[in-house]
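> Compute the structure for the input listed below.
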Amino acid sequence: MLSLSKRVLNCSIALLSAAVFMSGCSSKNVPLDTISTAESAINRASENKAEVYAPLELRIAKEKLEKAKEFLKDKKYEDARMSAKEAEVDARLAEEKAKTKEARKIAKEILESIEALREEIKRLRNY
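Next up is the predicted model:
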């Protein structure tokens, strides 16, 4: 069974591949929806504490989004679309990484609480 991080990586690669394939279908249109989708993905990642748990991935996503906006200003729509799609994938990776790390943190805290309760039970039995 693949670990969660490998599955996230495989999913990210698949999303990026799909994005590359689909981008060839509409290169003449202004990619405002693609940029908006990337912005939403970055916002979701931020809401899920990506600044804390996946800062590098989030920073890369933000940089790619800014690059997409620059391409858009220069009317390089295909480049803007690709950069925005890459930003979305990176933001999703950051979000999933943050969720995973947060879940691990919570699980660790729960296990520590259980251990503390066990120790208290032992202490009370010996009292």
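
> From here on, just use CA atoms for contacts and neighbour counts.
Fine.

> Could you identify the longest helix within the chain?
helix 77-125 (DSSP state H).

> what packs against it?
helix 4-23, helix 32-47, helix 50-53, helix 55-73 (3 or more Cα pairs under 8 Å, 6 or more residues apart in numbering; DSSP states H and E).

> Mean pLDDT lowest where, among those helices?
Here those differ in mean pLDDT, and the lowest is helix 4-23 at a mean of 57.

> What is the burial count for residue 116?
12 (other Cα atoms under 10 Å).

> Check the gap between it and residue 110 for me.
For residue 116, the distance to residue 110 equals 10 Å [Cα to Cα, to the nearest Å].

> Equivalent analysis for residue 93, please.
The spacing between residue 93 and residue 110, counted by Cα to Cα, is 26 Å.

> Pick out whichever of these two has more residues nearby.
residue 93 (25 against 12).

> The more buried one against residue 57, yeah?
Yes: using Cα atoms under 8 Å, residue 93 makes contact with residue 57 at a distance of 7.0 Å.

> Could you count how many residues lie near residue 63?
So residue 63, with other Cα under 10 Å, has 15 neighbours.

> Contacts only, for it.
By Cα atoms under 8 Å, 6 or more residues apart in numbering, residue 63 lies in contact with residue 87.

> Pull up the gap between it and residue 114, please.
Taking Cα to Cα, one finds residue 63 at 42 Å from residue 114.

> Next: residue 78.
54 Å.
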